[in-house]
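Quick one: sequence plus predicted model below, questions after.
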Amino acid sequence: MRNPAYEFLELIDSWGGDDTLILRRGGESNDHEDPHFWDQQREAVRLLQEVEQYVRADGLSVEEVLALNDAWIFLFPPRNNWCDAQFAFPTIPNALRGMIRQIGRRIEETSVPVKSFTPEAREGLRET
C-alpha cells in the first residue's frame, strides 16, 4: 500500500546541517533549466496534494492546516528567484517533517490492504 506522506518525505534530503532539511530538486543542482528539477517539483506537488486530500477527509487539526500551508510555501517560496542556482536551497524545518511523518503514520494505520476487501466491496469500488 502506498503512502503519499512517506513518499513525500523520501523527496526530502538533509542538507547543510542537522537542523536544516531540503527537498532534492534535480539532484545536486538547483538548475531550473534541468527537466529533472521540474519532474521532482511536480512529483512533490502531486504527493503533497494526496496528503492534503487524506487529511481533509480525515478531519484537519489546526496544526495540520498550518503545517500543510508551510509545506506549500516550502515548495513555492514567495520570491521570484527561488530556483536560481546561485541562491541557497529553500529549507524545511524539522517540525514540518515530523508533522508529515505523523500524517504518514495515520495513513498507514487507517489504510486497508486491497486483498482484505470482500469480492462484493471490490466490485462496488470498480463501479464508482
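Happy to help now that I have it.

can we go C-alpha only for contacts and neighbour counts from here?
Noted.

Return the list of helices and strands in contact with the longest helix anywhere in the chain.
Looking across the chain with DSSP state H, the single longest helix is helix 35-58. Applying 3 or more C-alpha pairs under 8 Å, 6 or more residues apart in numbering; DSSP states H and E, one finds that helix 35-58 makes contact with helix 4-10, helix 62-75, helix 94-110.

Any stretches of this protein with poor pLDDT?
For the chain, applying pLDDT under 70 flags the ranges 1, 12-34, 37, 76-91, 112-117, 122, 125-128.

one more time with 50
Within the chain, the segments meeting pLDDT under 50 span 14-21, 24, 26.

Looking at the helices and strands packed on helix 35-58, spot the one closest to residue 35.
Set against residue 35 and scored by C-alpha to C-alpha, the helices and strands packed on helix 35-58 come closest in helix 62-75, at 16.5 Å.

So what touches that closest one?
Helix 62-75 is contacted by residues 41, 44, 45, 48, 52, 55, 90, 91, 92, 96, 99, 100 when judged by C-alpha atoms under 8 Å, 6 or more residues apart in numbering.

Out of the residues you listed, give me the two with the largest separation.
55 and 90 (24.6 Å).

any idea which of the contacts of helix 62-75 is closest to residue 121?
residue 55 (23.6 Å).

In stretch 42-57, which residues are buried?
Going by neighbour count (16 or more other C-alpha atoms under 10 Å), the buried part of stretch 42-57 is 44, 45, 47, 48, 49, 50, 51, 52, 54, 55.
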